[in-house]
Structures are given as structure tokens and as C-alpha cells.
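Visitor: Build me a model:
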Amino acid sequence: MDCGRIQCACEGRLRKVLAIPLEEVSEHFVVNSRQDVKIVAPEILGSELIAKLKATGRVLKPEQLLEGTRWQHSASEAPNELCESSEFSAGLAEETAGPFALCFANEKGAQDAHYHPHHLEIYFSEHPLEAEYRIDTNSPVEHVSLDKGGVLVFAAGVVHRARLGGLSVVIEIPAVKDDKTVAGL
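Guide: Got it, this is the predicted structure:
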């Protein structure tokens, strides 16, 4: 399955996978006057707060919840689509060793199919990035490919194996000691 056809991997508002193609972020900056964009935030801005911020001269657009697993830029007249960070909270450990762990890897780093029972994992690269993943033991294996780089987010419990095309950043949230289980895809 290619990235453009991924169906929503959400259960209610609990999100399992998010793919953010780097070229969509670049295109956002071309077609929008504001040169930053929120994709995951604690909450969606309400109309009252947007009005207050616009009154101070801020350039803002309305926001709405993202449907599906693939983020795309919005036109200048359309609302920004984003996820609320709480959508990824199912399965996260309450007791943590720290707020996050930061790792670097490249295409030579071998990776087994695995999952993390108590933390989510975020991959970022400006190089090709792809992954196979399975939401749970009863779901089919799906594939996502970001040919020009981007971001992949896997919620706790999602079995995945990423393939990196170059230097990549991997962030684990929260930092949980020994939270990796090898699993088949």
C-alpha cells in the first residue's frame, strides 16, 4: 500500500500511525504566507484564541483534526489539519525514566521488526524513509514510503520496521528503559 492510499489508522481519536512527507511541508511554505506549521499540538486553537491572536497582528488560520494517517499541506484559504498529541497517548507508560530519548541512525543501521509497549517512536529524515507496520496482531501488514523524506510516528504497541535512506533522527516519548519487543511482521 502506498502512502497516498493509507486509510485512517485511528481507533476513535486514538491514533496509531502518522506519516508526514517532507515535500508536503515544503509545499506548505510555498503556498502559505506563514512559514511555520503545527502538525501535532496539545489542542486545536479555538476561534476565540485565534481572534485574539489575529488582533495582535498574527497571521493564523483555523485548525481542524486530521483524518487518516497522511498529513498534507492546506491551501492558504483552508484550515490547517493537525493531530492532538493526546491521540497518541494510549499505552504510554506513566512511570518514565525521562521525557524522551534521542537517537541517530542511518541506512546501515539494521532494524528488526519490533514494537514498544510503553512509548511512541518518531522518525525524521531528509532522506528516503519507509516502513512496514501492523497496528495489532489481527491487522494486515501495511507499507508507507516517504521517497523524499519526512516524519513517521508510531504509537505504543504498533509493530514496525523502518528502512532509512540516510541520516535520521529517532525520538522515543517518554523515555522508558528496556521498552523494546522484537516481533514478526
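Visitor: use CA for all of it now, contacts and neighbours both
Guide: OK.
Visitor: give me every residue that touches Phe104.
Guide: Going by CA atoms under 8 Å, 6 or more residues apart in numbering, Phe104 touches 167-170.
Visitor: Also Ala113?
Guide: Ala113 sits next to 159-161, 182-185 when contact means CA under 8 Å, 6+ apart.
Visitor: Which parts of this structure are helices?
Guide: 22-31, 47-55 (DSSP state H).
Visitor: Save these as CSV, and put in distance to Leu65, mean pLDDT and mean neighbour count too.
Guide: Formatted as CSV, these follow (distance: least, CA to CA, whole Å; pLDDT from 0 to 100; neighbours: other CA atoms under 10 Å):
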stretch, distance to Leu65, mean pLDDT, mean neighbour count
helix 22-31, 17, 91, 16
helix 47-55, 14, 86, 12
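Visitor: between the ones you listed, which gets nearest to Leu102?
Guide: For Leu102, the closest of those is helix 22-31, at 20.0 Å, according to CA to CA.
Visitor: who's in contact with the closest one?
Guide: Outside helix 22-31, the residues that reach it (CA under 8 Å, 6+ apart) are 35-36, 71-76, 126, 146, 148-151.
Visitor: need the helix or strand of the chain with the lowest average pLDDT.
Guide: For the chain, counting by mean pLDDT, DSSP states H and E, strand 10-11 ranks last in confidence among helices and strands (a mean of 42).
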